[in-house]
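J.: Any chance you could fold what I've pasted below:
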Amino acid sequence: MNRKERRMDVPAKWVNPCGLAADDFEADQDVVQLSDDQLLAQVVVQAKTALMHAQLFRDDYIKEMFTTNFDDLHTSWKSNRYDWLPGLREIPKQLGEALSQDYLNKLEIRNLDTILLDTYEYMQIFAVGLEQIVWDQEDYNLRFQQQFQDTEFKLRTVLCELQVALIERAVPLRPDVPRSVMGPQFRNMTENTYRHLRDWLIFRDYMNGLEFIVQVFEHFRQVLES
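T.: Prediction:
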């Protein structure tokens, strides 16, 4: 078994991101449960932290890999996306844009459990893509290995807060996203140009997903306050 095959058998970082034992999935009646507002606030804080981290090295990364700037790169590839990543139907906005007020108005607090589950799933899918970026950064000895490793860690923290929210609300979890969601044709890219573009589309959509979390859950917090 070669290195790439061994990697595919390593436990996925996005599965049980909090590292909870089986007993932790049972709600303890003696422990004070966090309010929905507190749960959502924790998710928003970690999503903002992860987004800020990504933005700190985004421009340097783009300059190094594409010899251009963010605005030009984003404009050039704005309409390109992978169908295995959450798309406009799931996250109806582009990076840097706000969700429409019409979309936010249609979100109902009674659907919070479903939205938490959906968001958890979206973030797990992004984690699959980021993992491959990290592996390729290592294999090709690229400059942004540490930044993308840190990105994986930040995403895991976001996933942990989503996991906590779901457990606190006693929501049964869906099956975890498998590595196979990202097919071999997307993993085994030897041509630098295609691989760099693949990494940008994943990284871009991941940042957009974080913006989505912040906007949706801050909207729910406002609804809860009112």
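J.: show me where the chain has helices.
T.: Assigned by DSSP state H, the chain shows helices spanning 3-7, 36-66, 70-77, 101-106, 112-139, 145-168, 184-187, 192-225.
J.: Can you convert those helices into TSV and add a column each for distance to Asp176 and mean pLDDT?
T.: All C-beta atoms are positioned from the backbone trio N, CA, C, and that covers glycine. Putting the helices of the chain into TSV (distance: least, Cβ to Cβ, whole Å; pLDDT from 0 to 100) gives the following:
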stretch	distance to Asp176	mean pLDDT
helix 3-7	17	82
helix 36-66	18	98
helix 70-77	29	98
helix 101-106	27	97
helix 112-139	6	97
helix 145-168	10	98
helix 184-187	19	96
helix 192-225	17	97
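J.: Does Glu211 touch Leu51 like I think?
T.: Yes - assessed by Cβ atoms under 8 Å, Glu211 is found in contact with Leu51 at 6.6 Å.
J.: so what's in contact with these two at the same time?
T.: The overlap between the contact sets of Glu211 and Leu51 (Cβ atoms under 8 Å, 6 or more residues apart in numbering) is empty.
J.: Leaving out the residues flanking it, which one is nearest to Val171?
T.: In space, and not counting its chain neighbours, Val171 is closest to Asp113: 4.7 Å by Cβ to Cβ, 6 or more residues apart in numbering.
J.: Let me know the distance separating that neighbour from Phe220.
T.: Applying Cβ to Cβ, to the nearest Å, the value for Asp113 to Phe220 is 12 Å.
J.: Likewise for Leu34?
T.: Counting by Cβ to Cβ - Leu34 and Phe220 are separated by 14 Å.
J.: Between these two, point out the one with more neighbours.
T.: Applying other Cβ atoms under 10 Å to Leu34 and Phe220 shows that Phe220 carries more neighbours, namely 23 against 15.
J.: quick one: that one and Leu40 touch, right?
T.: Yes - between Phe220 and Leu40 there is a contact under Cβ under 8 Å: 5.7 Å.
J.: In contact with Ala50, which residues are there?
T.: Ala50 touches 151, 154-155, 157-158, 210, counting by Cβ under 8 Å, 6+ apart.
J.: Brilliant, that's me finished.
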